[in-house]
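Peer 1: model this:
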Amino acid sequence: MENVNYTSTSTDIGHKYYKYSKKITPIGLIIFISMGILGTVILSLIYSYVVYYTEYLYVHILLTVVLGTGIGALVCIGGKVGKIRSTFIIGFAAVLFGLFAEYCQLVFWIFIESKGQFLILNPVKIFYIMNYIGSTYSYNMIIFSLYLIDGVLIVATSVIISIRFIKDKAFCERCDRWMKNETLAGLNFVDDIEELKIKLEQGDFSALTLLGKAGKFDFQLTRVVLKHCTQCKEFYLISVSTIKITRSLRGKLKAEEKMVVKDLIIDQHVYNYLMEWNRSLKHSFF
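Peer 2: Numbering: from 1, shown residues only. This is a model prediction of the structure:
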């Protein structure tokens, strides 16, 4: 299989992990790019008008993060529809569409500032105009600096959102479709991650069931995510991680996640066993 990486443990017991095949199709790429361009233009147009009439700096920054999140979501949707199975392409596209969003908002800003007289699309002319504004008017210099900061925020946010999305997804090459994710009930926290990893790679999934169900308000738990192809019902994966939630001195909650296994390939028997066990946990009171 193209999307399987074979490895082995020190115990000489083999196991397999899923990897993206990095395959793309011309049609999928066209759909991906088209959705990205069209969506970025629309989001940037809305953002430009809202920000132009916004007086408060913190609202401006918040809207910029929202735009970056929107671009990231756009990349995720386009990647899913276009069936892009490459983390690099998704991340690279997030950077390009983020920069394109910054370009679009500059075009719209000049258009709005000129009362609709100038719609300049040439990037070189836009650069000279912004450079002239920044060096001539002290107030506009602040605006010019804000747009530079905007660009960094938009690109950074879009990349973070899109990469987090693609890393949580898996694709069945046989059926040419994305797999379904199912998060099981939280389990008690495990301290020895390496020991649990070895047991899971050896096929000992009782190591999970023996952990027991975590409490509803526990700040430390073990998370199990199963993935399966709903069409062929022959491709199954499991990811296990530990999550520790802490509270800062300011009262802000922070979640720290450590991966135990990521997309370890399992068979249908293990999947059915864990799903049935999970259903029994949900009906239990403890």
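
Peer 1: what sits against the nearest residue to residue 222 once chain neighbours are set aside?
Peer 2: Of all residues not flanking residue 222 in the chain, residue 187 sits nearest, at 4.1 Å (C-beta to C-beta, 6 or more residues apart in numbering). Bear in mind the C-beta positions are built from the backbone N, C-alpha and C, glycine included. Shown here is residue 187, whose contacts under the criterion C-beta atoms under 8 Å, 6 or more residues apart in numbering are 208, 211, 212, 213, 214, 221, 222, 223, 224.

Peer 1: quick one: the helices in the stretch 51-200 of the chain?
Peer 2: For the stretch 51-200 of the chain, applying DSSP state H, counting those that start in this stretch gives helices covering 57-81, 87-113, 123-136, 138-167, 193-201.

Peer 1: pLDDT of the fourth one, averaged?
Peer 2: Spelled out, that is helix 138-167. What helix 138-167 shows for mean pLDDT is 79.

Peer 1: what angle separates that helix from helix 57-81?
Peer 2: On the basis of axes from the mean of the first three to the mean of the last three C-alpha atoms, to 10 degrees, helix 138-167 is oriented at 30 degrees to helix 57-81.

Peer 1: run through who's touching stretch 71-86.
Peer 2: So stretch 71-86 is contacted by 3, 20-25, 27-33, 35-36, 39-40, 43, 89-90, 93-94, 97-98, 101, 154, 157-162, 165-166, 169, 171, 176, 178 (C-beta under 8 Å, 6+ apart).

Peer 1: tabulate the helices of the stretch 51-200 of the chain in CSV, adding columns for distance to residue 268 and mean neighbour count.
Peer 2: Below are the helices of the stretch 51-200 of the chain laid out as CSV (distance: least, C-beta to C-beta, whole Å; neighbours: other C-beta atoms under 10 Å):
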stretch, distance to residue 268, mean neighbour count
helix 57-81, 25, 19
helix 87-113, 27, 20
helix 123-136, 54, 13
helix 138-167, 24, 17
helix 193-201, 17, 16
